[in-house]
Each structure stands twice: as C-alpha cells, then as structure tokens.
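Asker: pasting the structure only:
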C-alpha cells in the first residue's frame, strides 16, 4: 500500500515537472523579443571598413557612424581592416555573431570583384552576408599631369593606338574599381595602355606630379585636392553623368560608349541570420542620416552621390555587378590568385 502511494506521488511530481518544463519552454520561445532586436543596440557597434583611415570610403563610414551614434545613443566605432580587395574586412564580419554588433561597409570590391579575383575566397558575399542599406555611389576620375599633351579621351585614344603600350597609368591595385575602369576602356576601344600598380591613389598621384607617369585614376574624392590646386588635370569621369564637382569634365560614356559607366558603390552588410528588426532599424536610421543637410553636403562635396534602394533592388544590382565584372576580368586575362 505504501509502495503504491509512493509510486502515485512520484507520478504526480513527474507530471508537475513536465508541466513546468513545458510552460518554461513556451515562456522561453516567447521571450526572445529582446534578443530579436527590440532593444538593439545596447552596446558599441563595430563598423568594419575595408579602407585606410582618411580615404573617401572611411570618411563616409565615420560620418554615418556619428549620426547613427546620435540616433541610437550608443557608440558606432569604425574599425579599419584593409587588404585583399576588401575581403579581409568582409570575412571578419561574415564570421562574426549575427547579433547586429558587426556591420560591414560593403562595396564593389568585397561583393562583386573578390569572387573573380581569388580562387578560394574565405567567404561568400551572397550566402554569408545580408545587405541592409544602400549608401551611394562615387565615380572614378582619370587625371593627367597638366603638361601631358593627350589630355582628352579622343587625344589619348589616338595616341595609344599610334604607339601601343607606350602610355601608362597608375592606380591602386589590379582588382580595384579604378583599374578595372581602364581595363573596360581598353576592351571597348582596343587601346593599349600600360597599367602600373601602386599601394594607393596617393602614391600614384605623387608619381604623376613628379612626371614619372602621365595618368592616374582613382575614386574622385581621392584626387580632388590636387585637381582644385591645379596640379592634376581631369580627363574623364566614370559616372553615368558628369560629376557636380567636375562639371566641365566629360564622362567615359560621352566619349567612348554609353555603357562605359563604373561607380564605386557602398552598402551596409551584416552576418547572415541577423534579426530582421535590427536590419530594419539600421536601414531606417541610415536613410535618415543620408538626408541630413550636413551629411548630404559633405558627401556631395567629395563627389559621392547618396541614394536609397530596397534590399531586393540592392541584391539584384549586386548580382548584375558580379556577372559584369566577371566578364571584364576574364577578358582582361586576370587570373584568380
């Protein structure tokens, strides 16, 4: 009798524990409202930038970081991780926790060029990262020394065809947007212009100023101080229309081909699986920041055009860019490392 009572008691206690455990499970599944992003951010957010401090993209990241910090009441700190065409920064974010505290300043390099420049990239921008917001675009600017006689695209093209390989240009690395702008120019026109690689736009521009190389191409913001000082002469910009900061300079599209349009674009991207609420909050705050007069004015002063896109539009554009630059890189004979 006592044994049966004990067994009944044990069954009753077991049922109570099961009921409690089930209730706890229900509570836990309904609790993660905060963990899904309602209270984000509660601590410092890293913005990982693939570019060196002081450059145009780094400046954009820092301007937006300040605005986001004001909007959310938390610090947004820019962390520069340069090298390998943006892949070091992108891989760092791709392998970070998907909690909203690591944000990548993604760009044409990290998303569209790396897949074709490296045989085994450490990450996949499409499957390991998720796009959050479109920031904007910036054209590249081809400049020459003021004494260079072939200072327009028609003159340059004629001279390059008359003496193949003699004229050279400097740029920051083989697999960069500025360099590939010139590769596309060569493919469209058949011009033979020699590429000289530099560690950055500043080094390439310095050699032009010293008379060692006649041409340099880089993001427009990187060369505007020398252009404004009359030390460099603009030859062509790579946007769809003339840049407001160089309104008298024709575009490649005007002079060569309507589809010779190249821009260095920027986005926010986060690790795959980041909660939707966090992405939505970051996107909305970024779009508000881009519309503030001081941010818009400072970006446009550097030739950067802020803009907005939906996430599906960004993703579709990235796929188009991946396909396009794969074709250009293969046609240029550039082999993956």
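Answerer: Perfect, thanks for sending it. Just so it is clear, the model here is predicted, and its values are computed rather than measured.

Asker: So, low pLDDT: which residues of the protein?
Answerer: Within the chain, the segments meeting pLDDT under 70 span 1-35.

Asker: And it, split by domain according to the record?
Answerer: For the chain, the domain assignment from automatic domain parsing gives the residue ranges 44-138+263-331, 153-255.

Asker: May I see those domains arranged in TSV, with mean neighbour count as well?
Answerer: Placement of C-beta: from N, CA and C, glycine included. Below are the domains of the chain laid out as TSV (neighbours: other C-beta atoms under 10 Å):
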stretch	mean neighbour count
domain 44-138+263-331	19
domain 153-255	19
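
Asker: okay, those domains in JSON lines with distance to residue 144 next?
Answerer: Putting the domains of the chain into JSON lines (distance: least, C-beta to C-beta, whole Å) gives the following:
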{"stretch": "domain 44-138+263-331", "distance to residue 144": "18"}
{"stretch": "domain 153-255", "distance to residue 144": "5"}
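
Asker: Relative to residue 36, which of the ones you listed is closest?
Answerer: The closest of the domains of the chain to residue 36 is domain 44-138+263-331. By C-beta to C-beta, the value is 4.5 Å.

Asker: how long is the closest one from one end to the other?
Answerer: 44 Å (C-alpha to C-alpha, to the nearest Å).

Asker: And the strands in the stretch 151-300 of the chain, which stretches?
Answerer: For the stretch 151-300 of the chain, the strands defined by DSSP state E, counting those that start in this stretch occupy 168-171, 194-197, 215-219, 233-237, 263-271.

Asker: right, so of these, which gets closest to residue 296?
Answerer: The nearest among the strands of the stretch 151-300 of the chain, by C-beta to C-beta, is strand 263-271 at 14.6 Å.

Asker: Adjacent strands (with direction) for the closest one?
Answerer: strand 102-107 (antiparallel), strand 129-144 (antiparallel) (DSSP bridges).

Asker: could you dump those strands to JSON lines with distance to residue 151?
Answerer: Output for the strands paired with strand 263-271, formatted as JSON lines (distance: least, C-beta to C-beta, whole Å):
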{"stretch": "strand 102-107", "distance to residue 151": "30"}
{"stretch": "strand 129-144", "distance to residue 151": "5"}
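
Asker: Quick one: the strands of the stretch 151-300 of the chain as CSV, columns for distance to residue 100 too.
Answerer: Output for those, formatted as CSV (distance: least, C-beta to C-beta, whole Å):
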stretch, distance to residue 100
strand 168-171, 36
strand 194-197, 37
strand 215-219, 29
strand 233-237, 36
strand 263-271, 7
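
Asker: Alright, calling it a day.
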